[in-house]
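Asker: could you look at this predicted model? Sequence included:
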Amino acid sequence: MGDSNNTDQRQDYWSYVKRQFKKNKRAVISAYIVAVMALIAITADFLANEKPIVCTYKGHTYFPIFKEYAVDLGIAKWPKDLLNINWTDTKFDFAIRPIVPYSPTTQDFFNSGFVSPFAKQSVASTRWRHWLGTEGIGRDILAGLIHGTRIAFTVGIVSMSIASLIGILLGSLAGFFGDNRIKISRASMLMGFIFLYFAWFYAFGSRSYILSDAIGKSIVSFLGQLLISIGIFIGALFVGYASGFILKIIPFFRKKTAIPVDIIVQRLIEILVSIPRLFLIIAVIAISKPGIMLVMVIIGLTSWTEIARFIRAELLRVRSLEYIEASEALGYSRTRILLKHAIPNAISPVLITVAFGIAAAILIESSLSFLGLGVPPEIITWGKLLSLARGSASQLWVAIFPGVAIFLTVTLFNLIGEGLTDALDPRQKK
Amino acid sequence: MFKYIVKRILIFIPTLLVISLVTFMLSTSVPGDPVEQMLNSNSEMGSSANAIASERAYIDKRKQLGLDLPIFYFTLSNAATPNNMYEIPKKFHRQNLERLVDKYGNWSEIDQYYKNIRAFELKTGDTPRDSANGDALIIIKDNIQKTYLNYDGNALQTAFRNIEKEISKAPTLAALQPSFSTLESSYTDGVVKKATPYKKYIPALHWYGRDNQYHHWITKFFKGDFGISYQDGRPVKNVLWDAVRWTVMLSILSIILTYLIAIPLGILSAARKGSKRDQTISTFLFMLYSLPNFWVATLLILFFGGGDFLGWFPAYGVGELDSSMSLAEVAGTRVYHLILPMICFTYGGLAFLYRQMRGAMITTLSQDYIRTARAKGLEEKEVLWKHGFKNSLLPIITLFASVFPLAISGSIVIEIIFSIPGMGKLAYEALVARNYPIVYTVVMFSAILTLVGYLVADILYAVVDPRISYNKK
């Protein structure tokens, strides 16, 4: 690998990858731009908001945007003066407004009906100009774009986190254990199988309405209920597995059989890959209530296959390496070898898939909102803005700006993925 | 090799079965009642004769569609749920009764309560309408519907109180009182008081045997009978055939186009790797690859499709055909309509195929035999096309097999935007309209095509490159 005489360069793997990545100028620039966009996503509320950052109203000074966070969290209430206020029209004694003084949902009635960015706008001053124009009911395009960044990034990150979690778990199980390395006794297998039914029944069957009502309430309460269900499920399975010892009195049940983890995971991947993905997502969204969280979860649940395949292939290679044999000889447990020695050495290709996956997830989310699926009406996304351009030809700016935003983000993540491919793939090394 | 193919095909079957199960279960949990949607008339407000007639129509339609059977071979439910729940015709009623069962766990009482609501509904329908009781009757019927659709105690009590109030308003409605009292007492004294909620924690397994919806569908499917489309009553086979033609035509044309453009570009790039030309082509195609196809479609329509800018092409549809048109005219109309969607279909795959070709070519060109060919004085052109091209075809050929199923199913958005009556649009619309037979069939066909595509790819690998063997484990 590296030159051992070269002492001023650190030789561990990740700094090597970093150096390789930095050789790819396009990828590095992309990474910087993505960082800036991430900053925009985080601070979106302070960049485009109808509420001022600071304002003095009837002798009191307020910080309305911070106040809104507090109200949303339920730890504060709006003061009476500000409760039913029209933020854009009210004359404050003193106010510092965000750069774009509109929220994505603010309707500017004087500039409704697709006002072009170059047209004469009926605004008080240049400060209030709609720099990227408005759409049909007078919402500011720039504000929509800024807040859309947040949605796009959240979708990319959340869905790929879910996908990585599942992909790494299943992929490493399949790759490391293969078809014949996990062995359990017939007794435990039988009891586990029987208790699978009970586990399902008590965790999900008899709690199905609790779970579905929780989805309707809020995503937090749903996750809470889901955790309880998963707890019950695992508990019941464990009871089943443990109760296998009674059966072990009979010699037949004492015999160990292998669980074909690899076959199971491979089939699972095959099934998921065979159903058209967008179609599957649309089908699930049709069943449930619209919600941005749901879109993220579904994209995540359907995009882990590539990660699993990568990790499986890597682990197949890694597990036959000498150092794994050595740690086996030292008597370390399988789990420890897998978690501490095998996965860390196989995980780098996943980064590539994640970068491309974020791009794909953002694309899927925007196609869905372009079709008007999944995302509730009050949330403005890039895809939804773009869909407003359909129908009439005089709304060019509505089509251009969100499209550029999607294109740019997707390209950046793809370029980062490229750079990572070059940096991580030793065959490309010069 | 033969053994390998047989083995792969055998593995298909369980995979396909699981896919069929997934689609089936997804479809049955979609909200909305297909029967109601088909009949499209919900005359609950009419007289009892009317109500009975419409219910008859509902039950007949349901039977005709085969929806009156149990869904699957068995249910894993609890002791509180009866095993003949599926016999209750209306889906909304059934869902509400399931909720009641989940809450109170005493089916016999709930069943009685449900029958009492129906009796009361019929009785209300029979009451002649006059100027004195007209409004009251409407409110009562409205509240009867609420009892069908609510399981929450408070909501039900409100409905009961409303009915009670209206009954006392007009003397002609007094005849309804006994029937109403039975209804209310069957709820308060029966369902609520005799609740056995613990029963839902006792697991129960109901076995229905082969006479179920899934079994009928899957056996018919493998016999080639895909059922009847709910929307227009045509056989799914015909509906699907009409759609498949468009998608397959578009896919094949766009794949051919992709290959024709991407392969030469890939070779040109690889021949002078790292040159300005290589970089320009790479960057350009890479950007194309990241362009969202729905954006390109929107822009193309804005600029070239019937808009204010350059109305060169039609914005949507595949063109009206006239019986007097000659073959050339027919082809002309089609091509004219399909140019824009074709562009959207093609450009995305270009970058992908180009990269594969370039990569394969670069690998080939770094082989020893290429150096030998150059050393013995062959012309660069000959080296490139005769030795290089031929030997880098392997990944390109095999890609065809895996690109094909993708092209079939991956066209939902484009087909919707350009309203091309292909598989994607059909599937999307069927899903929205809960037209299950079409949904099942489309998903199954996409799955089969995908699986076959992968198999063909694997076989092609072995055919093109004899070094690959599938026989050893």
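Answerer: Thanks, I have the structure now. Residues are numbered from 1 along each chain as shown, chains lettered A, B, ... in the order given.

Asker: for the most centrally placed residue in chain A, what is the enclosing helix or strand?
Answerer: Closest residue to the average C-alpha location of chain A: A:Val158 at 1.9 Å, with Cα atoms, centre = their mean. Following DSSP states H and E, one finds A:Val158 within helix A:141-172.

Asker: what segments of the stretch 51-200 of chain A are strands?
Answerer: Ranges of strands within the stretch 51-200 of chain A are A:54-57, A:60-62, A:94-96, A:183-185, based on DSSP state E, counting those that start in this stretch.

Asker: now the residue nearest to the centre of chain A: how far from chain B?
Answerer: From A:Val158 across to chain B, the span is 20 Å (Cβ to the nearest Cβ, to the nearest Å). (C-beta placed from N, C-alpha, C; glycine too.)

Asker: ok, that residue to A:Leu39 distance?
Answerer: Taking Cβ to Cβ, to the nearest Å as the measure, A:Val158 falls 18 Å from A:Leu39.

Asker: show me what counts as buried in the helix holding A:Val158.
Answerer: Going by neighbour count (16 or more other Cβ atoms under 10 Å in any protein chain shown), the buried part of helix A:141-172 is A:141-153, A:155-160, A:162-164, A:166-172.

Asker: can you check stretch A:236-247 too?
Answerer: Across stretch A:236-247, burial judged by 16+ other Cβ under 10 Å covers A:Ala236, A:Leu237, A:Gly240, A:Tyr241, A:Gly244, A:Leu247.

Asker: ok, those vs B:Asn143, which is closest?
Answerer: A:Ala236 (43.2 Å; Cβ to Cβ).

Asker: chain A contacts on the stretch 51-200 of chain B?
Answerer: Remark: the part of the stretch 51-200 of chain B in contact with chain A comprises B:Leu76, B:Ser77, B:Asn78, B:Arg99, B:Asp102, B:Lys200, using Cβ under 8 Å from any Cβ of the partner chain.

Asker: residues contacting the third one?
Answerer: Going back to what we said before, that points to B:Asn78. Counting by Cβ atoms under 8 Å, 6 or more residues apart in numbering or on different chains, B:Asn78 makes contact with A:Phe201, A:Gly205, A:Ser206, B:Lys199, B:Lys200, B:Tyr201, B:Ile202, B:Pro203, B:Ala204.

Asker: near B:Thr333, how many other residues are there?
Answerer: B:Thr333 is flanked by 17 other residues according to other Cβ atoms under 10 Å in any protein chain shown.

Asker: confirm it sits in a strand?
Answerer: No - B:Thr333 is assigned helix when assessed by DSSP: H, G, I helix; E, B strand; the rest coil, not a strand.

Asker: per-residue pLDDT, it?
Answerer: We note a pLDDT of 79 for B:Thr333 in this prediction.

Asker: my guess is it contacts B:Phe313. True?
Answerer: No - judged on Cβ atoms under 8 Å, B:Thr333 makes no contact with B:Phe313 at a distance of 11.7 Å.

Asker: what touches both of the two?
Answerer: Between them, B:Thr333 and B:Phe313 share no contacting residue, judged by Cβ under 8 Å, 6+ apart.

Asker: give the next helix or strand downstream of the lowest-mean-pLDDT helix or strand in chain B.
Answerer: Ranking every helix and strand in chain B by mean pLDDT, DSSP states H and E puts helix B:393-409 at the bottom, with a mean of 69. As assigned by DSSP H and E, the chain's next helix or strand after helix B:393-409 is helix B:412-417.

Asker: please compute how far whichever helix or strand comes after that next one lies from its chain's middle.
Answerer: Scanning forward in sequence from helix B:412-417 by DSSP H and E, the next helix or strand is helix B:423-432. Relative to the centre of its chain, helix B:423-432 is centred 6 Å away, using Cα atoms, centre = their mean, to the nearest Å.

Asker: with just CA atoms, put helix B:423-432 into CSV.
Answerer: Provided in CSV are the C-alpha atoms of helix B:423-432 (Å, rounded to 0.1, in the frame of the first residue of the first chain):
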residue,chain,number,x,y,z
MET,B,423,-48.1,0.2,-18.7
GLY,B,424,-46.9,2.9,-16.3
LYS,B,425,-49.9,5.1,-16.8
LEU,B,426,-52.2,2.1,-16.7
ALA,B,427,-50.7,0.9,-13.5
TYR,B,428,-50.9,4.3,-11.9
GLU,B,429,-54.5,4.9,-12.8
ALA,B,430,-55.5,1.4,-11.8
LEU,B,431,-53.9,1.9,-8.4
VAL,B,432,-55.7,5.2,-7.9
